[in-house]
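*Asks:* Test case, fold it:
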Amino acid sequence: MKPITIISTALLLAVAGTSQAQFLNKLKKKAERAVTKAVVGSSSSDNNENPDNASEGGDVQGNSPSSTVPASAAIEKYGKQLFTLQDKEYLVYGEVSLSLKTDGAHVKTVTHKDRDYYLYDNGTRQGPFNKPPVHLLDDWNRSYDAHSQNEDFEEVSGTSYVSAGVFEVDGKSYGKVTTVGTMRHNKKAKKFYALVIKMEPNTNKITTFLYTEKGTRKLPGMATTLIISDNGQTGGVIIPATQYNAKTDQDAYNFVLNDDVYIALADGTTLGPYKYVEASDSYLDNHGNYVQIATSTKNAIYVNGKPVITFTDKDVESYGAFLTNTKGTSGAWFDRGTLYFSDGTKIKNAVQPVTAVEGGKDVIYWVAIHKSNVYLCKKEI
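*Replies:* Now for the predicted structure:
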C-alpha cells in the first residue's frame, strides 16, 4: 500500500460521493415500483393472477437466485393468517404498519369498500370512517432508505463550545483544551461525542482525545471521523490502521490508500482491524456491530469484517436497509420489497419488516398479502 497526500484522499472521496449521487433518483423510482407490487390498493386487478408470477413471489427469469420462495410456500412455512378482505374490499395503497408491542406483533391496515374506509388491527375490523384513518397506524412512515446518521446528534462547531481555552458542554466543564475538531451533540438528551486536540505540557506533543459526557479516551492515532449508532448508545472514531499503529510522527502523517481501519469506542474498547471494503455506506448498528454495505461493488454486506450476505442478483442496489441479528452473524437485506436472507432464502413482496428477539432468538417479522388474505410472517435470523 502506497502513501498518498491528504489532497489526493479528499479528491477520491469527492469522486465517490458524486458517483453515488448520480444514481439516487433511479434507485428511488425502483423502490416505488416494488412497493406498488407489494401492497396493491387498486380495484379489479387485486385478485387476478399475474402471468409472470411476480406478485406471487415467484422467480423472474434471469434475475433471481434459485432459492426464491414462492409466496404460497413462504406463507405456509413462515406465516399466520390474520384476516381475509371482504368482497369488493381493497387495501389502501401503502397504508400498512407492523409494530412490536408488549402483547406481541400488531399488523394494522387501512381498507376501502364502497365509499367507506376501515381499519384492521390483527384481524379486528373498525369503522366505517369517512377518511382513511392513517393516524391510527403504528410506524406507518418507517423508512427503509439507505442508512443515514442519527439526526438527534447534530453536527456542530466544536470551537463554539470553547471559551478562554475551557471546553464546556451543557453547563459542564471538561477542562482546558487546545481546540475541538469534529463534534456531534444531542442537545435534548445532553449527550455528545467530540474529537479534542490537546497539547501535552513540557513536550508540546499534540494528542487527540475522544470526549463524551461520560468521560474521555486518549486515542492512539490521528482521527477525524466520528461514528455513532442510531440509538446513540455506542459511539467512537474511525482510525486508519497506519495512524493507529504509528510508532513515529512520520508514520502518523502517512496516509495509505485503501487502508485497514480500527474503531476506537468511547467505552475504551477497540474494534478491528477491518480490511478495506469499497462500501457505499458504513455504520455502527444498535448492537455495536460495524456494518459495511458493498452491494454495488462486491455484491455483499460485511458485518465486523466478515461477509454476512452475498448476492447473486444483478440488480441489487445500495438503496435499501440491512436487518441484522444481535451478534451480527446473520440477517436480511430489504431492497424494493424483497428480503434477501443470509442463508440464501429470498422472499418477495415483504411489507414492513422489523427485527425482534423472542425467547433469546433473533427473528424478522414482515407482512404478506396473498389473494385477499393478510398474513403475519416470521423467520429466525
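*Asks:* Okay, helices next: where are they in the stretch 101-250 of the chain?
*Replies:* Counting by DSSP state H, counting those that start in this stretch, the segments of the stretch 101-250 of the chain that form helices are 241-244, 249-252.
*Asks:* Flag the shaky bits of the stretch 51-200 of the chain, pLDDT-wise.
*Replies:* Across the stretch 51-200 of the chain, the stretches falling below the confidence threshold (pLDDT under 70) are 51-67, 139-150.
*Asks:* same thing but 50
*Replies:* Along the stretch 51-200 of the chain, the parts satisfying pLDDT under 50 run over 51-66.
*Asks:* If you average pLDDT over each of the helices of the stretch 101-250 of the chain, which is lowest?
*Replies:* When these are compared by mean pLDDT, helix 249-252 comes last with a mean of 82.
*Asks:* Show me what it packs onto, helices and strands only.
*Replies:* helix 241-244 (3 or more C-beta pairs under 8 Å, 6 or more residues apart in numbering; DSSP states H and E). (Each C-beta comes from the backbone N, C-alpha and C, glycine too.)
*Asks:* still on that earlier bit, okay, the helices of the stretch 101-250 of the chain, which one's buried deepest?
*Replies:* Ranked by average neighbour count under the criterion mean count of other C-beta atoms under 10 Å, these are headed by helix 241-244 at a mean of 21.
*Asks:* Who are the packing partners of it?
*Replies:* For helix 241-244, where contacts count as 3+ C-beta pairs under 8 Å, 6+ apart, the packed elements are helix 249-252, strand 255-256, strand 261-265, strand 270-274.
*Asks:* Distance to Ala241 for these - can I get that in TSV?
*Replies:* Listed next are those as TSV, based on distance: least, C-beta to C-beta, whole Å:
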stretch	distance to Ala241
helix 249-252	11
strand 255-256	8
strand 261-265	6
strand 270-274	5
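*Asks:* Most tightly packed of the ones you listed?
*Replies:* For those, the stretch with the most neighbours on average is strand 261-265, a mean of 22; neighbours defined as mean count of other C-beta under 10 Å.
*Asks:* Run through who's touching it.
*Replies:* Strand 261-265 has contacts (C-beta atoms under 8 Å, 6 or more residues apart in numbering) with 210, 217, 219-220, 223, 227, 234-241, 244, 270-274, 276, 284, 288, 290.
*Asks:* Ok, stretch 202-211 next?
*Replies:* Applying C-beta under 8 Å, 6+ apart, the contact partners of stretch 202-211 are 167, 174, 178, 181, 192-200, 216-219, 221-223, 236-237, 264, 266.
*Asks:* Grab the nearest non-local neighbour of Tyr118.
*Replies:* Gly127 (3.7 Å; C-beta to C-beta, 6 or more residues apart in numbering).
*Asks:* go on, Arg125?
*Replies:* Of all residues not flanking Arg125 in the chain, Tyr118 sits nearest, at 5.6 Å (C-beta to C-beta, 6+ apart).
*Asks:* Give me the neighbour count for the one you found.
*Replies:* Using other C-beta atoms under 10 Å, Tyr118 is surrounded by 20 other residues.
*Asks:* Now name the helix or strand holding Lys77.
*Replies:* Per DSSP states H and E, Lys77 falls inside helix 71-78.
*Asks:* Contact partners for the closest residue to Met199 other than its chain neighbours?
*Replies:* Leaving out its chain neighbours, the residue that sits closest to Met199 by C-beta to C-beta, 6+ apart is Thr178, at 4.9 Å. With contacts defined as C-beta under 8 Å, 6+ apart, the neighbours of Thr178 are 165, 197-199, 206.
*Asks:* And Thr178, how far from Val166?
*Replies:* Relative to Val166, Thr178 is positioned 12 Å away (criterion: C-beta to C-beta, to the nearest Å).
*Asks:* related to what we said a few turns ago, now, which of the contacts of Thr178 lie within strands?
*Replies:* Using DSSP state E, the subset of these located in strands is 197-199, 206.
*Asks:* Following the record's annotation, map out the domains of the protein.
*Replies:* For the chain, the structural domains run 1-93+288-381, 147-279, going by automatic domain parsing.
*Asks:* need the ones you listed in JSON lines with distance to Ala105, can you?
*Replies:* Listed next are these as JSON lines, based on distance: least, C-beta to C-beta, whole Å:
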{"stretch": "domain 1-93+288-381", "distance to Ala105": "5"}
{"stretch": "domain 147-279", "distance to Ala105": "21"}
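*Asks:* And the ones you listed: which comes nearest Pro133?
*Replies:* The closest of the domains of the chain to Pro133 is domain 1-93+288-381. By C-beta to C-beta, the value is 9.7 Å.
*Asks:* which residues of the stretch 251-381 of the chain fall in strands?
*Replies:* Assigned by DSSP state E, counting those that start in this stretch, the stretch 251-381 of the chain shows strands spanning 255-256, 261-265, 270-274, 281-284, 290-294, 300-303, 306-310, 321-324, 331-335, 338-341, 346-347, 351-358, 361-370, 373-380.
*Asks:* Which among those is found nearest to Lys187?
*Replies:* strand 281-284 (21.1 Å).
*Asks:* Can you show me the CA trace of the closest one as CSV?
*Replies:* Taking Å, rounded to 0.1, in the frame of the first residue of the first chain, the C-alpha atoms of strand 281-284 are listed here in CSV:
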residue,chain,number,x,y,z
ASP,A,281,-22.2,3.1,3.5
SER,A,282,-20.5,2.0,6.8
TYR,A,283,-22.1,2.4,10.2
LEU,A,284,-22.5,1.0,13.8
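*Asks:* That one pairs with which strands?
*Replies:* Strand 281-284 has its sheet partners listed here by DSSP bridges as strand 290-294 (antiparallel).
*Asks:* Please work out which residues outside the strand it pairs with touch it.
*Replies:* When contacts are defined by C-beta under 8 Å, 6+ apart, strand 290-294 is touched by residues 146-147, 263, 271-272, 274, 277-285, 300-305, 318, 322, 324, 328.
*Asks:* Nice, that's everything, thank you.
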